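**Student:** Dropping the sequence and predicted coords here.
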Amino acid sequence: MARITASVYTSHVPAIGAAIDLGKTQEDYWKPLFAGYDFSKQWMKDNKPDVIFLVYNDHATAFSLDLIPTFAIGTAAEYQPADEGWGPRPVPKVIGHPELASHIAQSVIQQDFDLTIVNKMEVDHGLTVPLSLMCGQPEAWPCPVIPFAVNVVQYPVPSGQRCYNLGKAIRKAVESFDEDLNVHIWGTGGMSHQLQGARAGLINREWDNAWLDKLINDPEAAAATPHIDYVREAGSEGIELVMWLIARGAMADVAGGPAPKLAHRFYHVPASNTAVGHVILENS
Ligand code: DHB
Ligand code: FE
């Protein structure tokens, strides 16, 4: 049986990827941010998964405004890093896990969540920056990755509650896969940020940290956060946080198991226009 043993939560910001790729991580501006991930890079080595189920959002890169799936699961054998305007990032290609991904698609669709099946796509900073933050600059990513893209760019976007419930269905799907696999689930994006309009540059440290407390200790309350609260309190792009609830909904305590262990928590302001949050939870 495959098992979800841990969940990882982290922001993504294109400038973080550029700082890594251009060798700027030890510059004064970036050093405190990357220091927050030193623990995490070691933790990845000590707790190497067989597969990462990586919940992220595409930023009109693979999916243009022509076609906007709410939830899309990558079933391909591999994914190339996308060119977002400055050429593709110099990072390894992402190796998929078509067998587990197809199984999850079958199971989750039968649990009444409509997923779009993606057999070919490129992955943007939403997926590659979290991998870089957690794994550094390896020749190859440490394991196969199943990309799971959520629409948080073009309205209407899914509610936090629906994302949380979807996480529960993903957990059941993983646990009904025959092979013994150690699976990590990642929720990425957020925390507070707004990239455009009158409130561009908005950061809300207090709200972010209160939401992190709920995510860790009272996920039902985090899941009940109304859509308007994200936008009002965490800015228009703060809505990316609903993706963290998919990972949280897949943890054991949500299905009646023991509370997860908090392995790491980090918060840093700012990285570009974004408040960076990062949490690692382990199932016991
Ligand atoms: C920034 C943050 C994002 O989440 C994103 O997708 C693009 C840019 C930023 O802070 O610059
Ligand atoms: Fe983003």
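**Tutor:** Nice, thanks for sending it over. Being a predicted model, the structure only gives us computed values, none of them experimental. Ligands and ions are numbered 1, 2, ... in the order given.
**Student:** On the three-state scheme, the closest residue in space to Pro260 that isn't next to it in sequence is what?
**Tutor:** The shortest distance from Pro260 to any non-neighbouring residue, by Cβ to Cβ, 6 or more residues apart in numbering, is to Leu281 (4.0 Å). Any C-beta I mention is one placed from the backbone N, CA and C, and that applies to glycine too. Here Leu281 is strand, with the state taken from DSSP: H, G, I helix; E, B strand; the rest coil.
**Student:** Can you give me the neighbour number for Leu281?
**Tutor:** For Leu281, the count of nearby residues is 24 (other Cβ atoms under 10 Å).
**Student:** Likewise for Ala82?
**Tutor:** For Ala82, using other Cβ under 10 Å, the count is 21.
**Student:** Repeat that for the one 4 residues further on.
**Tutor:** As a burial measure, the neighbour count of Trp86 was computed by other Cβ under 10 Å and equals 10.
**Student:** related to what we said a few turns ago, these two touch, right, the residue nearest to Pro260 and Arg265?
**Tutor:** No. Under the criterion of Cβ atoms under 8 Å, Leu281 makes no contact with Arg265, lying 9.5 Å away.
**Student:** which residues do those two both contact?
**Tutor:** Ile216 (Cβ atoms under 8 Å, 6 or more residues apart in numbering).
**Student:** can you pull the contacts of the residue nearest to Pro260?
**Tutor:** Ala6, Ser7, Val8, Tyr9, Ile216, Arg248, Met251, Pro260, Lys261, Leu262, Ala263.
**Student:** Can you read off the backbone torsions of the fourth one?
**Tutor:** Spelled out, that is Tyr9. Dihedral pair for Tyr9: phi -130, psi 130, per degrees, to the nearest 10.
**Student:** Find the nearest non-adjacent residue to it, please.
**Tutor:** Tyr9 sits nearest to Val279 (Cβ to Cβ, 6+ apart), 4.3 Å away.
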